[in-house]
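S.K.: this one's structure only:
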């Protein structure tokens, strides 16, 4: 199963559209978002997704009721940490900040977090996968990225959205 992962879009509509194009081209079955859409006008580009969106709030959401109402069209949105079980049984935990994951017991296979705007992918001592997809907006580090995850192999691909047309992964 292919999962798209992004975060920290901070109202950058062009990069949200590019992320959606990557996820659709890659035929993702679900897309996970780890917070900081920021405002409701970031939602319309997400309506182009051909799969459901599962998202958690970040720390910069300006209109939570509006975001909740808008996301209902494309998926679900909840307070972090937010649990999600994919159709293949992979157990995800979504948070905006890594600190929201600290000390959490319970079963999950993959934790998705953000906030630092820097991509980071690692396994913990319990062999659980932790994914920070970096910033989709590119506002802070000028390196807009998303991640694709294959749940059967737990392989990840970091996709750079600023690579022109080559941002569409060729190996998938």
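M.R.: Everything's here; your move. Predicted model, so just to flag it, every value in this text is computed and none were measured.
S.K.: could you work out the end-to-end span of stretch 37-46 for me?
M.R.: One end of stretch 37-46 to the other measures 11 Å (CA to CA, to the nearest Å).
S.K.: any chance you could list what contacts that stretch?
M.R.: With contacts defined as CB atoms under 8 Å, 6 or more residues apart in numbering, stretch 37-46 is touched by 9-11, 13, 16-17, 20, 53, 55, 58, 60-63, 66-67, 70-71, 73-74. Using the backbone N, CA and C atoms, a C-beta is placed for each residue, glycine as well.
S.K.: in strands only, show me these.
M.R.: Using DSSP state E, 53, 55 are the members of those that sit in strands.
S.K.: which members of the contacts of stretch 37-46 are classed as buried?
M.R.: Of the members of the contacts of stretch 37-46, the ones counted as buried by neighbours, 16 or more other CB atoms under 10 Å, are 9-11, 16, 20, 53, 55, 58, 61, 67, 70-71, 74.
S.K.: isn't residue 114 right next to residue 8, touching?
M.R.: Yes. Here residue 114 reaches residue 8: they are 5.2 Å apart, a contact under CB atoms under 8 Å.
S.K.: if we can go back for a sec, export the buried ones among the contacts of stretch 37-46 to CSV and tack on pLDDT and distance to residue 42?
M.R.: Conversion of the buried ones among the contacts of stretch 37-46 to CSV gives the following (pLDDT from 0 to 100; distance: CB to CB, whole Å):
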residue, pLDDT, distance to residue 42
9, 94, 6
10, 94, 8
11, 93, 5
16, 97, 6
20, 98, 11
53, 98, 12
55, 97, 11
58, 93, 11
61, 87, 10
67, 93, 8
70, 92, 9
71, 93, 10
74, 94, 11
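S.K.: and the longest helix along the chain, what does it pack onto?
M.R.: For the chain, the helix with the greatest residue count under DSSP state H is helix 13-25. Applying 3 or more CB pairs under 8 Å, 6 or more residues apart in numbering; DSSP states H and E, we find helix 13-25 packed against strand 2-6, strand 145-150.
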